[in-house]
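Novice: can't give you the sequence, but here's the structure:
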């Protein structure tokens, strides 16, 4: 579709109030789902993040990488086991998690951001003991429950003008490494850093009153309404822990949390810089 120069100018003018609103503020993006697997969507996300950075919005990118961990485990002949949706992580598995998340995925994302004209630095929760954790339980092994976030490494990277790209692994004072849920890591980092917004990219349009009806999207949810939506079954299954992370972020001081459809190209820009937005906003 061809757009005239006048239409381009009109689009930019409409975005101006939103650029002013977020200028010099911190936005945490939890990156996952299909947008992390599909090359076209990945390219769009990286472009969105670089654009936001160039207009003065401080973006922190937090990522997981479950499918790639599973793929690497298959390659080495190790079976993936899950309990309540969480990967059972023994010593060998946590080494694979660290290698895939803090190594391959993290550095590939940093490279993509640079190819788009951005400046990025890759970090993981072990760097500067940023994400400290303890075991969730004995059954899951080295799956970590976050006990503390040291935000200084992230602030230092932002201060130098870089985009921090953070992989969701953590550690404890004994040197153990833990596999950390990326939603939980993004929520705690956003809350600790005092982010203006947290954006969680998923493979759904947002919270739907009727899961089979896209027009039933709930555009705004107050934290106090969430328990009732869970009781009614509107929020269910794997979305419950994601919503709990959204609520955690709000309670820790994040002003707005958005669940957006990462399958839609440029969904981050649509949410932050337009009147309509998309997805579900928690306040």
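Specialist: Everything's here; your move. Because the structure is predicted, anything quoted here is derived from the model rather than measured. Residues are numbered from 1 along each chain as shown.
Novice: all strands in the stretch 101-250 of the chain, in order from the N-terminus.
Specialist: Using DSSP state E, counting those that start in this stretch, the strands found in the stretch 101-250 of the chain span residues 120-124, 131-135, 144-149, 163-167, 169-171, 177-179, 197-202, 220-221.
Novice: among these, which is the most enclosed?
Specialist: When neighbours are counted by mean count of other Cβ atoms under 10 Å, the highest per-stretch mean among the strands of the stretch 101-250 of the chain falls to strand 163-167, a mean of 28. No exception for glycine: its C-beta is placed from N, CA and C like everyone else's.
Novice: Which strands and helices lie in contact with that one?
Specialist: Contact analysis of strand 163-167 by 3 or more Cβ pairs under 8 Å, 6 or more residues apart in numbering; DSSP states H and E lists helix 39-54, strand 58-63, helix 106-115, strand 120-124, helix 152-159 as its packing neighbours.
Novice: Partner strands of that strand and their direction?
Specialist: The pairing partners recorded for strand 163-167 under DSSP bridges are strand 58-63 (parallel), strand 120-124 (parallel).
Novice: Quick one: list the elements packing against whichever helix or strand comes after the first one.
Specialist: Towards the C-terminus, the helix or strand next in line after strand 58-63, according to DSSP states H and E, is helix 66-75. Of the remaining helices and strands, those touching helix 66-75 by 3+ Cβ pairs under 8 Å, 6+ apart are helix 91-98.
Novice: now the angle from the helix it packs on to strand 163-167?
Specialist: Orientation check (axes from the mean of the first three to the mean of the last three Cα atoms, to 10 degrees): helix 91-98 against strand 163-167 gives 160 degrees.
Novice: who's in contact with helix 91-98?
Specialist: If you take Cβ atoms under 8 Å, 6 or more residues apart in numbering as the criterion, helix 91-98 is touched by 69, 72-73, 76, 78, 87, 89, 124, 126, 141-142, 169, 177-179.
Novice: related to what we said a few turns ago, would CSV of the strands paired with strand 163-167 with distance to residue 198 and mean pLDDT be doable?
Specialist: Output for the strands paired with strand 163-167, formatted as CSV (distance: least, Cβ to Cβ, whole Å; pLDDT from 0 to 100):
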stretch, distance to residue 198, mean pLDDT
strand 58-63, 9, 98
strand 120-124, 18, 97
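Novice: which residues touch the spatially closest residue to residue 112 that is not a sequence neighbour?
Specialist: Leaving aside its chain neighbours, residue 112 sits nearest to residue 46 (4.6 Å; criterion: Cβ to Cβ, 6 or more residues apart in numbering). With contacts taken as Cβ under 8 Å, 6+ apart, residue 46 has the following neighbours: 109, 112-113, 115-116, 118.
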